[in-house]
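**Q** build me a model:
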Amino acid sequence: MPQPPLHVRGRGLPDEQPVEWWIVDGTLSAEPVQDAETVFGADGADGWILPGLVDAHCHVGLGEHGPVETIDECITQAETERDAGALLLRDCGSPIDTRSLDDHDDLPRIIRAGRHLARPKRYQRGFAIELDDQSQLPVAVAEQARFGDGWVKLVGDWIDREVGDLAPLWSDDVLKAAIDAAHQSGARVTAHVFSEDALPGLIRAGIDCIEHGTGLTDETIELMVEHGTALVPTLINIENFPGIAENATKFPTYARHMQDLYEKCPSRIAAAREAGVPIYAGTDAGSMVAHGRIADEIDALKGIGMSPTEALGAACWTAREWLGRPGIEHGASADLICYQDDPRQGAAVVSVPDVVILQGRVYR
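**A** Below is the predicted model of the structure:
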């Protein structure tokens with residue numbers, strides 16, 4: 001059954017200019033439509049209209065204690081993201097097949113990276129496909145490229161209990177072959193990386209993105225700029241590092257390392273931004289971080305030097321461009337969030353959109 005036409009009016013960002021759009025059968029139209037119901041901006045153009053927010057590091061299907069048990073739990077997670085205004089999610093690895101969620105037009109769009117790829121006992125239990133032999137990585141990457149939506153997720157480093165500290169999982173030559181295999185399959189590659197040592201090999205191998213990046217150095221920042229590598233720092237998740245360190249009493253070197261990474265993180269991420277590394281907002285929601293917290297990550301990005309407009313863009317129009325998804329344009333899906341107050345004021349505004357429109361349907 002066709003949806004009745006809708007109408008919104010307000011101001012856009014980053015240019016702050018007046019905007020006016022009509023919504024026909026879930027699609028944006030710049031052409032006026034008769035008898036459209038105004039669902040935002042009926043009293044004038046004082047509010048703000050943005051493309052749906054983006055959580056560029058999210059895990060639908062992961063919970064506090066590991067993989068969730070039912071698809072209904074995945075739906076609840078996705079609904080939480082929608083209600084917080086995050087209408088596009090880059091799912092950076094999930095052990096749950098969530099592709100059935102694509103049949104729900106009331107849930108955010110998900111860009112999947114398939115499952116994490118790791119070595120045995122070198123990541124959180126139950127999260128990853130564990131490869132006994134690292135030479136299997138290129139084939140596994142190609143398989144996950146076919147399973148995902150244009151992304152593959154590697155575990156770049158994790159604690160090595162024999163070493164007692166964080167250590168890389170893969171050799172440089174295997175990484176090069178694996179990332180080449182992903183690119184030949186039309187997929188981009190990202191990697192979980194906390195420490196310093198795993199970064200040079202990943203970046204030189206041509207990886208497209210680094211997650212977390214707490215171990216960045218001047219050298220690896222320069223490499224990222226040279227190779228055009230993006231960064232999703234998941235700053236609100238890094239707040240868990242002191243607790244991880246405190247609980248790692250069996251591995252004192254690892255504990256000290258995690259605390260040191262935590263303390264240096266703001267200055268390192270700020271240096272990456274200053275050098276020109278493209279940075280996007282992601283919460284790491286799904287394990288130690290609750291879903292629906294993209295507004296908090298936007299605020300955290302201001303703490304590493306981003307202006308309010310830049311930080312909001314890192315979770316909105318800039319992130320959509322990076323992921324190859326449309327923002328607000330004629331013919332695009334009507335995925336909008338609307339605010340009476342300026343969302344650049346902070347999380348208190350961003351986290352509670354006045355109107356959420358997903359595929360042309362109003363949810364708030």
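
**Q** which residues in the protein form helices?
**A** 71-83, 137-147, 172-184, 199-204, 218-227, 235-238, 241-247, 252-275, 294-302, 308-313, 317-323, 347-350 (DSSP state H).

**Q** deepest-packed of those, please.
**A** helix 294-302 (a mean of 24; mean count of other C-beta atoms under 10 Å). Backbone N, C-alpha and C define where each C-beta goes, glycine included.

**Q** low-confidence regions, the chain specifically.
**A** In the prediction, the chain carries residues with pLDDT under 70 at positions 1, 45.

**Q** the same query, at a cut-off of 80, please.
**A** Counting by pLDDT under 80, the chain has low-confidence residues at 1-2, 44-45, 364.

**Q** how is it partitioned into domains?
**A** The record's domain parsing of the chain by the TED database lists 6-50+325-363, 53-322.

**Q** just the terminal-to-terminal distance for the last one.
**A** The straight-line separation of the ends of domain 53-322 (C-alpha to C-alpha, to the nearest Å) is 13 Å.

**Q** do stretch 150-162 as well
**A** With C-alpha to C-alpha as the measure, stretch 150-162 spans 35 Å from end to end.

**Q** quick one: it to chain centroid distance?
**A** 17 Å (C-alpha atoms, centre = their mean, to the nearest Å).

**Q** in that stretch, what's buried?
**A** 150-160 (16 or more other C-beta atoms under 10 Å).

**Q** mind putting the residues you listed into TSV with distance to residue 94?
**A** Converted to TSV, the buried residues of stretch 150-162 look like this (distance: C-beta to C-beta, whole Å):
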residue	distance to residue 94
150	15
151	12
152	13
153	9
154	15
155	14
156	18
157	20
158	18
159	22
160	25
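
**Q** pipe the helices of the chain into CSV and attach distance to residue 332 per row.
**A** Formatted as CSV, those follow (distance: least, C-beta to C-beta, whole Å):
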stretch, distance to residue 332
helix 71-83, 18
helix 137-147, 26
helix 172-184, 27
helix 199-204, 33
helix 218-227, 31
helix 235-238, 29
helix 241-247, 39
helix 252-275, 29
helix 294-302, 20
helix 308-313, 17
helix 317-323, 10
helix 347-350, 21
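
**Q** which of those helices sits closest to residue 359?
**A** helix 71-83 (10.8 Å; C-beta to C-beta).

**Q** which elements pack onto that closest one?
**A** Applying 3 or more C-beta pairs under 8 Å, 6 or more residues apart in numbering; DSSP states H and E, one finds that helix 71-83 makes contact with strand 86-91, strand 355-358.

**Q** okay, that helix in CSV with CA atoms only?
**A** The C-alpha trace of helix 71-83 is given here as CSV (Å, rounded to 0.1, in the frame of the first residue of the first chain):
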residue,chain,number,x,y,z
ILE,A,71,17.3,-12.8,16.2
ASP,A,72,14.7,-11.0,18.2
GLU,A,73,17.6,-9.7,20.4
CYS,A,74,19.3,-8.4,17.2
ILE,A,75,16.0,-6.7,16.3
THR,A,76,15.9,-5.0,19.7
GLN,A,77,19.5,-3.8,19.3
ALA,A,78,18.7,-2.4,15.9
GLU,A,79,15.6,-0.6,17.2
THR,A,80,17.6,1.0,19.9
GLU,A,81,20.0,2.4,17.3
ARG,A,82,17.1,3.6,15.2
ASP,A,83,15.5,5.4,18.1
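
**Q** and the contacts of it?
**A** Defining contact as C-beta atoms under 8 Å, 6 or more residues apart in numbering, one finds that helix 71-83 is touched by 55, 58, 60-61, 63, 68, 87, 89, 96, 98, 100-101, 104, 106-108, 110, 285-286, 290-292, 294, 356, 358, 363-364.

**Q** quick check: angle from that helix to helix 294-302?
**A** Angle of helix 71-83 versus helix 294-302, following axes from the mean of the first three to the mean of the last three C-alpha atoms, to 10 degrees, is 60 degrees.

**Q** and stretch 73-90, how far out from the chain's middle?
**A** Distance of stretch 73-90 from its chain centroid, counting by C-alpha atoms, centre = their mean, is 12 Å.

**Q** contact partners for the most centrally placed residue in the chain?
**A** Per C-alpha atoms, centre = their mean, the C-alpha nearest to the average position across the chain is that of residue 56, at 1.3 Å. Residues near residue 56 by C-beta under 8 Å, 6+ apart: 90, 232, 280-282, 315, 319, 322-323.
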